[in-house]
Every structure is written in C-alpha cells, then in structure tokens.
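Colleague: Next input, structure requested:
(2 chains)
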Number of protein chains: 2
Amino acid sequence: MKLTILKHWLNEAMQHVSKAINGKNTLPILSGIKMDVTPQGVTLTASDIDTTIQATIPAATEDGAQIVTVEEPGSVVLPAKLLVEMIKKLPKEEVHIETEVGYAALLKSGKTKINMVGMDPEEFPAVPALTEERSFTIAGADIRDMIKETVFAVSTSEQSLILTGVLWQLEPSKLTLLATDRHRLAQTAAEVGDGDNAPIKFVVSGKMLNELIKVIPDKGDVEITATQSQVLIEVGRTRLYCRILDGNYPDTSKIIPTAFKSELVVSTKAINAAVDRAFLLAKEEKTNIVRLETGEDNAVTVSSNSSGLGSVSEQLEAESITGEPVRISFNSKYMLDVLKVIDSEQLRIGFTGPMSPIIIKPVDGKDSLYLILPYRTTN
Amino acid sequence: MKLTILKHWLNEAMQHVSKAINGKNTLPILSGIKMDVTPQGVTLTASDIDTTIQATIPAATEDGAQIVTVEEPGSVVLPAKLLVEMIKKLPKEEVHIETEVGYAALLKSGKTKINMVGMDPEEFPAVPALTEERSFTIAGADIRDMIKETVFAVSTSEQSLILTGVLWQLEPSKLTLLATDRHRLAQTAAEVGDGDNAPIKFVVSGKMLNELIKVIPDKGDVEITATQSQVLIEVGRTRLYCRILDGNYPDTSKIIPTAFKSELVVSTKAINAAVDRAFLLAKEEKTNIVRLETGEDNAVTVSSNSSGLGSVSEQLEAESITGEPVRISFNSKYMLDVLKVIDSEQLRIGFTGPMSPIIIKPVDGKDSLYLILPYRTTN
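Modeller: Residues are numbered from 1 along each chain as shown, chains lettered A, B, ... in the order given. Take a look at the predicted model:
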C-alpha cells in the first residue's frame, strides 16, 4: 500500500468514522481504523461490532482535482486515536502513506515522519451483509430534527435494553420515531414516500443516533435501508451500519390520552423561562418537582421549593385555558428537555387529572407529541 | 434591608465574588454571599477564609444614573449557588430585594417571586485587617500576563504547600514573579515603581491567582497592597484579599545556569508544532519523553516513540546553533506549557549538558526565563 492523500479530506473522513470507536472495547483490532486503498480511492472503516462507520474518499473531485494518488493498492489497520489526533496536526496538506513489513506504516508530511504500528486488515470484522432490504430517502435536516426531538427520552438504564433505543415505524407514507424511558415519551412523525410496502418497525440505539446527528450535514438527503438485523444510513460518502436492538418494543399507544379534562395554550418561551427558574430550586431536592396551577384570568402559576434554600413562585399568562382547573406536579428536568426541542412559538398542554399523563404538543402543526408522567404529591 | 437594584450590575458583582467560594467548605455560612446595603450602595462579600473577594456596587453611575435605590439599609447572607444561577435568569432588569423575619429574603423581578433562606450576617467572617502595608500599582494587562507566564509551573502537590504558590519579589523598581514544582521553573519580571523601600517577598496561592486573572479587565490599573499575612489586590470595584502562604520559599537562584555549552535560536511556532506532534506519541507512555538533537546545517530533530504505537521524528531548521552538539530528553508537556505562554516569535534555548537544566528565554527582550530539568535516558 502506497499513496499520497490530501490532509483535509483524510481528516474529515477520519473524524466521521472514529465516532464508531468505543474506548471501552477490549478487542485490540477495534481500536484501529481500517484503510482500504484502491485505484478508485480510499475507504476508512471503524467499528465497535454493534456500529460500523465507513467513509470513502474518491481519487478525484467531481471537477477532476486529484485527492488521492495511488501508487500501490492495499489495506492496513492503524491506531485510531493517534491517527485522528496526528492527521490534523500534520505540517503540510500532502500526506504520504506507505506500508512496510509486518503491517507497519510510514506517514510523511513535510519534514515529519511517523512510523505507526499497524494491525492485520484480515482480522478486522467484515461490514454487515444486508439482505431483504427496505429503503427510503429523507432530507438530512428533517431526520436530524426528528432524532433530536425524540432521542433525549430514551432510557439510560441497561435494565430494559430495548428502551435505550428509538423505535422507527415506517408506514406507506409516514415515518414515526418514538422513545420512552417509562416516565416520559417523545414521538414525532414526518411524511416519507415508501410506496405500498407493508409497515415495518425497528429499534436503533439512542447512543448511535446521537453520533449520527453529528455527521448529517445541513443539506442533502439521507438514504436509510433496513433489514431484519441491521439498519444502514447513508449520508453523502459516509455509511453507518447499526445493529437493530433485539426484543419487542412495548406498545405505548394505550397510555397516550386523546381527550383532556383541561387544556392550556402558552408561549413556549414564557413557560420555558418560568420552569427553568423553578428548576434551580427543584434540582436541589433531586426529585426536580415543580408544581403548575391554573387560576383566574388565564393565570398560570409555576412554583417549587427546596427545604434548605427557599421557594420560587412565577406567574404567567396563558393564551387560553379550557376545562377544569389544573393543579399538578412534574419532573421539571423532563419538562425542560421537551421545551428545548419545541420550535413552535406556542404549545398546547393537555391534562386528564393529577395522576394521568401530561401531553405537550407544538401549536405549529408539526406532528410531534410529548408525554410526561406527573408526580404524586401530598398537597 | 430593602432595595431595588439593576440586574446586570448585581450579576457582574456576584460573578466576581462567587469565585472565592469553595464547594468543599464545610462551614455553612461560607456557602453564602454577604450583602451589605448602605445609602452609598451594595457590597457583596464571599470567602473561603484563605481568600475573600469583595465587590461594591455604587448607588449611581458617575453620570448620575441610578443603579441601587435603597429604602432600608441592612445586611444578610444568602445562598451563593442559587443566587448566582437565579439572578442572571430573572425576567426583568429591576430586582427588588427585602429581608423578612429570621434572615429570610424576598426577591422580586417581574412576576417572579423568590423566598430565600438566609443566614445571620454577624456570623460571616470579617474582612482581614491590613497593617504595616506596602502598596504598588501595575497595569492590569501586565500583571495578568505575568501571572499567566508563571502560574502554570506551581506544584499541584499539597506535600510542599509553599510551592503551590507563586513567589512575588518586590524590589525598588522591579517586580519578579516565580513558580517552580522542582521539575521546572518559570520566572518573569517587570518594572514597577515602589520608591526606595526595602525589598519584600511573599507567596500567593496559584489557585487564587488563576481566579484573579479572570477578574482583571483589559484596561485599567491594579493596586496591590502587601502585609505580613495578607495581600490585597484591588481591581476596579473588586477587592481580593488573599492569605500569604506560610513558609520559606526555596532559593532557586543557584539552580539557574547563566553560561551555556550550547545555545540554539528557533522559531517558537516551528518548535511548538514539532514538540506538539511528538507529544501525541510521548503521552501514551505517561513520561511524555521527547528527544531533541542538533545536527549539521542548523538542523534540529525532535523525536519520540511509544512501544505500542510507533515513533515520530521531525526536522526543523534553527535560526542558529552555537557550541557543542546537543542530545537531550525532556518532558514534552512541560515544554508545551512554556511554548504556550511565550509571545516572542523566536526563542533561545540554552543547554549545559544532558543532565543539567534547559533554559528557555524569549528573544523579544521580555525579562522572562523558563527552566526544565531534562530526563535521564539510557541512549
């Protein structure tokens, strides 16, 4: 293997694939990045078995400008951490790489020479084979928003592994993402053209999706291919293979109320500021409890207290309040997580009683829904 | 106590004084900020006993614009963490504060009401009294630079407490700051007019100086007053009282060589880049060892290796090399710390042998000096 490559192309691809690397991995080969060099260009692969990220660098740009000059094709696995840190600090834009005996590699750039201990590329796990596949395309910015709007609600407990993922439900003309940790739930949907195929469902790790949103660019489409065991997400020249989480995702449809005893419409910014201040005291009690109460003349009072510090009470004016008076307590951290991802200027909050789920929806027509279970409190 | 105050003035003063608060402190009163209200304005004080920071907010600006409206003077101690977080999030610029029974305080801003559990101001430690004082004035930007150029070299080990501080030496027309952790040393001096007084020395905690540089503004002077036990640093409306560290600071003058067997002059940027890349491998071995070797034609080679990862070798061209050939090993982290604070485009490195201190000086005429002890290596 012998080639010359432009630093910033190599660096960008390396940054993308290195997100698959799990520092806790004990398999030495997985601490490396595999580099495959062909006359067409360079492919980098990194993996933690569950997730594999692959990025290709073409030999030339579409305008014909040379990116990679291949003198000798080949493959090698190089230490990822050193490579990622070193490449961006190289003195010149041109980087020369060649393998020597025993998987060792020599990198040269300007008057810098680096000898790296490499590993056998044959030992690197193969990229998953995809069979019985189903594909659809969605705008990158849209799927990134959908992931952000749901992924915060996944469970962080390894006890219920399936809930650490986000449920993707693909119907003939609609994609729904849903996450829940049993205390709260986030759901969002968008129109996606998938023809007349039968609906499918799969669960993708929340951790993996948090990495994915970092590599999705603002422009361009994302192609998603799902099989029984893997989902492949293609973003430009980057391919992310992700193992689908095993197990049955619980049916959440029954816990989402559709009729409400009370509803209020409020400014997202105003309620966010009020809950945020109440949270400052609530968080000192670990439970993060904040109380919400409706009053006369569209008044909404948000309050909290901490035995050692004091109490806070806020009044804001709702756009409208309908139905029975409300007096309910909830985890303000959960509420802030929801308010952070709602773009809509106003939102609608539905209540069905002090012990029943609170439902929050944007007013801008976006097909999203958030659920928070209230706290049982004595007063 | 009853007053109305503008939020951004209160917030700024609070940010400054809160830097004195030590989260590990077990004395409950020191988790609070003391607020003293007089017709002249508001004084805030926070302390961890060793360090006390005080900030005053005048009743009006120099132009006569009202900042504080005092209805009733008084004092109270309020919970610092909550106060600092809450003040900046208050909805309106006007903040009303009044004390109630039992040191409780009520804060109001817009439709936000906060009841805070306060503490007895009589319990708050008094600001240190200063006697037999010596004062001098220095430009804020200058003293900030001098602290940055030395404080990184203080010891982090509590075993030799005196070395966790920076030594200040005030002579009739010169101030010298010096720090060492026995493996390296940093020293810088500036002209300061202090008349014909006898020289004095004192040692100020490095941790405290790191906080101090955050509150020194770009413009304006700093007044420094030293006594036997305290140093007071006045920056605008902020006063920092700091206990002087007890003990004798070791005499370092004998370990600084003044004649060299070899000297090299190099570009600060070039040697920084080379050592930085060599550090990427060196740091994997914990010792951070990097080797420097001079060759023919002003060539300097910087190299390092890591058994598991490989090796790196760099060549750069020195401006000049005089004296015997050099072959020396050192801790690259220590060298990078020095290179980071040197502004000069070029620097001079002096060597007196493979086991003797390495001396680094800027070429721009600044009165600074850095010392690094080399490593004993077998080859």
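Colleague: Around chain B, pick out the residues from chain A.
Modeller: A:79, A:82, A:85-86, A:89-91, A:104, A:111-117, A:273-274, A:276-277, A:280-281, A:284, A:308-316 (C-beta under 8 Å from any C-beta of the partner chain). Yep, even glycine has a C-beta here, placed from its N, CA and C like the rest.
Colleague: who's in contact with A:S155?
Modeller: A:L163, A:T164, A:T180, A:D181, A:R182 (C-beta atoms under 8 Å, 6 or more residues apart in numbering or on different chains).
Colleague: Just name the closest of these to A:T188, please.
Modeller: A:T188 has its nearest neighbour among the contacts of A:S155 in A:T180, at 12.9 Å by C-beta to C-beta.
Colleague: any idea what sits nearest A:L175, other than its immediate chain neighbours?
Modeller: Closest residue in space to A:L175, ignoring its immediate chain neighbours: A:V192 at 4.2 Å, by C-beta to C-beta, 6 or more residues apart in numbering or on different chains.
Colleague: what does the helix or strand where A:I321 lies rub up against?
Modeller: For A:I321, the host element (DSSP states H and E) is strand A:320-323. With contacts defined as C-beta under 8 Å, 6+ apart, strand A:320-323 is touched by A:F260, A:K261, A:S262, A:E263, A:L264, A:V265, A:T294, A:N298, A:V300, A:F351.
Colleague: and A:D142, that's in a helix?
Modeller: Yes. Assessed by DSSP: H, G, I helix; E, B strand; the rest coil, A:D142 belongs to a helix.
Colleague: sorry, back to before: how close does the residue nearest to A:L175 get to A:F136?
Modeller: As judged by C-beta to C-beta, to the nearest Å, A:V192 and A:F136 stand 5 Å apart.
Colleague: Pull up the overlap in contacts between these two.
Modeller: What both A:V192 and A:F136 touch, as defined by C-beta under 8 Å, 6+ apart, is the set A:L170, A:L175.
Colleague: Neighbour count: the two, which is higher?
Modeller: A:V192 (19 against 16; other C-beta atoms under 10 Å in any protein chain shown).
Colleague: Relative to A:L177, how far out is that one?
Modeller: From A:V192 to A:L177 the distance is 11 Å (C-beta to C-beta).
Colleague: Number of residues surrounding A:G64?
Modeller: 6.
Colleague: oh sorry, the question was meant for A:E345
Modeller: Counted with other C-beta under 10 Å, the neighbours of A:E345 add up to 11.
Colleague: same thing with the one 4 residues further on?
Modeller: Using other C-beta under 10 Å, the number of residues around A:I349 comes to 25.
Colleague: circling back to that earlier point, narrow the contacts of A:S155 to those in strands?
Modeller: A:T180 (DSSP state E).
Colleague: List buried residues within the contacts of A:S155.
Modeller: Buried members of those, counted by 16 or more other C-beta atoms under 10 Å in any protein chain shown: A:L163, A:T164, A:T180, A:D181.
Colleague: coming back round to it: I'd like to know which of the residues of chain A next to chain B are buried.
Modeller: Buried among the residues of chain A next to chain B (16+ other C-beta under 10 Å): A:79, A:82, A:85-86, A:90-91, A:111-117, A:273-274, A:276-277, A:280-281, A:284, A:309-316.
Colleague: Among those residues, which ones are in helices?
Modeller: Using DSSP state H, the members of those that fall in helices are A:L82, A:E85, A:M86, A:A273, A:A274, A:D276, A:R277, A:L280, A:L281.
Colleague: right, and the fifth one touches A:E314 too?
Modeller: Yes. Here A:A274 lies in contact with A:E314, judged by C-beta atoms under 8 Å, at a distance of 4.2 Å.
Colleague: between these two, what contacts are shared?
Modeller: A:V302, B:T112.
Colleague: The nearest residue to A:A13 once chain neighbours are set aside: what's it in contact with?
Modeller: Spatially, and ignoring its direct neighbours in sequence, A:A13 is nearest to A:A55 (3.9 Å; C-beta to C-beta, 6+ apart). By C-beta under 8 Å, 6+ apart, the residues touching A:A55 are A:E12, A:A13, A:M14, A:H16, A:V17, A:T43, A:L44, A:R237, A:T238, A:R239.
Colleague: Whichever strand or helix holds the last one: what's the following helix or strand?
Modeller: Read it as A:R239. Per DSSP H and E: A:R239 is located in strand A:238-243. Heading C-terminal from strand A:238-243, the first helix or strand you meet, by DSSP H and E, is strand A:262-267.
Colleague: Pull up the pairing partners for that following strand, direction included.
Modeller: Sheet pairing of strand A:262-267 (DSSP bridges) gives strand A:320-323 (antiparallel), strand A:346-351 (antiparallel).
Colleague: just the contacts of A:A55 now: which is nearest B:R327?
Modeller: Of the contacts of A:A55, the one sitting nearest to B:R327 (C-beta to C-beta) turns out to be A:M14, at 34.4 Å.
Colleague: so what's that closest one up against?
Modeller: Residues near A:M14 by C-beta under 8 Å, 6+ apart: A:I33, A:L44, A:A55, A:L83, A:V84, A:I87.
Colleague: quick one, strands of the stretch 51-200 of chain A?
Modeller: A:51-58, A:68-72, A:74-79, A:94-99, A:105-109, A:112-116, A:134-139, A:165-171, A:174-180, A:184-191, A:200-205 (DSSP state E, counting those that start in this stretch).
Colleague: ok, the closest residue to A:E284 other than its chain neighbours to A:T252 distance?
Modeller: The spatially closest residue to A:E284, leaving aside those adjacent along the chain, is A:S306, at 4.2 Å (C-beta to C-beta, 6+ apart). Using C-beta to C-beta, A:S306 is found at 33 Å from A:T252.
Colleague: So between these two, which is more surrounded?
Modeller: A:S306 (19 against 15).
Colleague: re the thing from before, could you identify the most distant pair in the contacts of A:S155?
Modeller: Across these, the longest distance by C-beta to C-beta is 12.0 Å; it joins A:T164 and A:R182.
Colleague: Report how many residues lie close to A:Q228.
Modeller: Neighbours of A:Q228 using other C-beta under 10 Å come to 11.
Colleague: Provide a list of residues in contact with it.
Modeller: Contacts of A:Q228 by C-beta under 8 Å, 6+ apart are A:T131, A:E132, A:I244.
Colleague: Quick one, which of those has the minimum pLDDT?
Modeller: The member of the contacts of A:Q228 with the lowest pLDDT is A:E132, at 73.
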